[in-house]
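Visitor: need a 3D model of the following:
(chains A and B)
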Amino acid sequence: DVKVTQSSRYLVKRTGEKVFLECVQDMDHENMFWYRQDPGLGLRLIYFSYDVKMKEKGDIPEGYSVSREKKERFSLILESASTNQTSMYLCASTPGPSSGNEQFFGPGTRLTVL
Amino acid sequence: GENVEQHPSTLSVQEGDSAVIKCTYSDSASNYFPWYKQELGKRPQLIIDIRSNVGEKKDQRIAVTLNKTAKHFSLHITETQPEDSAVYFCAASIDFGNEKLTFGTGTRLTIIP
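Guide: Numbers count the residues shown, from 1 in each chain, chains lettered A, B, ... in the order given. Purely as a prediction, here's the structure:
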């Protein structure tokens, strides 16, 4: 069973704080993704990574950065949190090319920025 | 980039009736179309997918159809049950190599007992 875990289910931060969201998968997956989920807007891709130390911008990368120092861990960083970054953040992973396309999601982190 | 539109945003059907959710995509290069189901408070999970070389795929009460010419695909759920109540997301992929998906905005399906 693929397991994708996220460091926190709920997080409350203040405007201007630096925020780290961690995601870990235990199935040796190549690709990892960060999405934010907002009502009426669906799942929007922030960043993704298809290899260690590799990263690609998604559709809404502004205000975010990522780090992938190890294959199993993909971190999302909010350098200076703002209220419009209040959202549900979902991490996902896939095995890699020719190994299946199913995205396995983590449980999500609900971030509130005050 | 790819753009995926999904309709309707909410859908209520009587238990036992059928439900249909429709999506359109913009990029004719898209070749993979999955559907994810997200129950309340839970993570999205893949329920069915279809590739561009297939027009229809069925899995028990769930089916997906694809019209590449019109660039739209649909999810059909027959004999709906209360446990089908959830938010459903369609998605499209134009980059098979790293499975980058563009999601629709979601449909909240409510099954009325």
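
Visitor: for chain A, which residues are neighbours of chain B?
Guide: Neighbours of chain B within chain A, by CB under 8 Å from any CB of the partner chain: A:30-31, A:33, A:35, A:40-45, A:48, A:50, A:56, A:58-59, A:90, A:94, A:97, A:101-103, A:105-108. For the C-beta atoms, the positions are set from N, CA and C on the backbone; glycine is no exception.

Visitor: quick one: the strands in chain B?
Guide: Remark: strands assigned in chain B by DSSP state E are B:4-7, B:10-14, B:19-25, B:32-38, B:45-51, B:56-59, B:62-67, B:72-77, B:86-95, B:100-103, B:107-112.

Visitor: may I see the ones you listed arranged in TSV, with distance to chain A as well?
Guide: TSV is the format used below for the strands of chain B (distance: least, CB to the nearest CB, whole Å):
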stretch	distance to chain A
strand B:4-7	7
strand B:10-14	10
strand B:19-25	11
strand B:32-38	6
strand B:45-51	5
strand B:56-59	14
strand B:62-67	14
strand B:72-77	15
strand B:86-95	6
strand B:100-103	4
strand B:107-112	9
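
Visitor: what's the most buried one of these?
Guide: Highest mean neighbour count among those (mean count of other CB atoms under 10 Å in any protein chain shown): strand B:100-103, with a mean of 25.

Visitor: surely residue A:20 touches residue A:73?
Guide: No: in this structure, residue A:20 is not within contact of residue A:73 by CB atoms under 8 Å, at 11.2 Å.

Visitor: any idea which helix or strand carries the spatially most central residue of chain A?
Guide: Nearest residue to the geometric centre of chain A (CA atoms, centre = their mean): residue A:34, 2.8 Å. Element membership of residue A:34 [criterion: DSSP states H and E] is strand A:31-38.

Visitor: tell me the contacts of residue B:91?
Guide: For residue B:91, the contact set (CB atoms under 8 Å, 6 or more residues apart in numbering or on different chains) comprises B:4, B:33-36, B:101-104.

Visitor: show me where chain A has its strands.
Guide: Ranges of strands within chain A are A:4-6, A:10-13, A:19-25, A:31-38, A:42-49, A:56-57, A:65-70, A:73-78, A:87-94, A:104-105, A:109-113, based on DSSP E.

Visitor: tabulate those (TSV), appending mean pLDDT.
Guide: Below are the strands of chain A laid out as TSV (pLDDT from 0 to 100):
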stretch	mean pLDDT
strand A:4-6	96
strand A:10-13	97
strand A:19-25	97
strand A:31-38	96
strand A:42-49	95
strand A:56-57	94
strand A:65-70	96
strand A:73-78	97
strand A:87-94	96
strand A:104-105	95
strand A:109-113	98
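
Visitor: to residue B:10, which of the ones you listed lies closest?
Guide: Minimum separation from residue B:10 across the strands of chain A (CB to CB) falls at strand A:42-49, 13.7 Å.

Visitor: touching, residue B:64 and residue B:54? I think so.
Guide: No: Residue B:64 sits out of contact with residue B:54 when judged by CB under 8 Å, with a separation of 9.1 Å.

Visitor: show me what counts as buried in stretch A:35-53.
Guide: Buried positions in stretch A:35-53, judged by neighbour count with 16 or more other CB atoms under 10 Å in any protein chain shown: A:35-37, A:42-50.
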